[in-house]
Structures are given as structure tokens and as C-alpha cells.
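Colleague: Mind looking at a prediction? Sequence and model below.
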Amino acid sequence: YQDRGFKWCIENQTKDTNPNGLINLEVKDPKQQAYIYNCEGATVQVTGKIKSIILDKCTRCNLVFDTAISAVEIVNSKSCQIQVKNTCPSFSIDKTDGCLIYLSKESIPITTFVTSKSSEMNVSWPDENDEMKEAPIPEQFQHKLVNGSITSDVSDLYH
């Protein structure tokens, strides 16, 4: 992987191209970003504060990171797992099939999810007894025309 100014580029990595399939990225400047592209079966571990992380066109990859200041984006990917150890205010999931996000206790009150054209999305978090809970992120909605405006609600499948 390469450091291109403020952007780390990790491309075309597999579980066989790195020791134990693990790629370690140590961030020293919180203005840095990570772009992870076209990886398969690899685990990327990011230590330190980072501005943002993009996971693009990855299959069966794992991402573990300490803190993302702005967001983590998952795009065009399949069967990925993401774990935040400290905080991440936003996850954007686009054109992705199979995504499991593990939140830390610190992230629970601040994290939001923006999704588009994605399926099989789940979020897992520790409850007050430190037992992990898991729930699906809705992918089906019901829309209505009410007084000249469109309203959207989560489908009854998720209630």
C-alpha cells in the first residue's frame, strides 16, 4: 500500500499477499484518509485517528479502526465486516450486499447510517451488560403522498 500525500491507498490485497492476511496502517496525522480498493479476504487494521475511510469494491474484507473523524464509506462491496473501537459519526453504505458493522459503546449515541441500493446490512452493539445485540438496517420502505409531500416509513417487516 502507498502513502499518497494525505491519502493511504491500499489496493488489490488478498489474505495471501500479507502475513496472516492482516494489513496494519498506523495513522500519525488526523488529516489523513484511507482508500481501500479491490481487496479480497484481507483484514485492514487502522490505528490512530483518521479523517475518513473508503472501502470500495472489496469482497469478504474486514476493517477494524480506532477513530474516524468524519465518516466510513462502504461502496460496491460484498460480505464485509467493519468494527469501530472508539468513535465514528457516520457510515455510508452504497451498492453493497452484506455488511456487518460493530459499534463501540462510545459510538452508539453519535453514529448515523446513510444507505442506498444495498442489502443484508446489520449493525451490532454492546448493551448495558456488555452483551452484543444485533439488528438489521432496513432496506425496504413504504412511501405515501400526504398533502402534496412524499413521506417515508420503514416497512412493517422490521417492526
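Modeller: Arrived safely, thanks for sending.
Colleague: Low-confidence bits of this structure, can you list those?
Modeller: 1-4 (pLDDT under 70).
Colleague: make it 80
Modeller: Scanning the chain for pLDDT under 80 picks out 1-5, 159.
Colleague: Quick one: the helices in it, in order.
Modeller: Read by DSSP state H, the chain holds no helices at all.
Colleague: How about residue 139, nearest residue that isn't a chain neighbour?
Modeller: residue 119 (5.4 Å; CB to CB, 6 or more residues apart in numbering). C-beta: built from backbone N, CA, C; applies to glycine.
Colleague: hang on, the one you found packs against residue 97?
Modeller: Yes. Applying CB atoms under 8 Å, one finds residue 119 in contact with residue 97, separated by 5.1 Å.
Colleague: one step back: show the contacting residues for the residue nearest to residue 139.
Modeller: 96-98, 139 (CB atoms under 8 Å, 6 or more residues apart in numbering).
Colleague: all strands for this structure, in order.
Modeller: For the chain, strands defined by DSSP state E occupy the ranges 2-4, 7-11, 22-26, 33-37, 43-56, 62-75, 78-84, 90-94, 97-102, 112-116, 119-126, 132-136, 141-146, 149-154.
Colleague: roughly how far apart are residue 50 and residue 157?
Modeller: 36 Å (CB to CB, to the nearest Å).
Colleague: how many other residues sit next to the residue nearest to residue 108 when sequence neighbours are not counted?
Modeller: Once flanking residues are discounted, residue 108 sits nearest to residue 125: 5.5 Å by CB to CB, 6+ apart. By the measure other CB atoms under 10 Å, the count of residues near residue 125 is 16.
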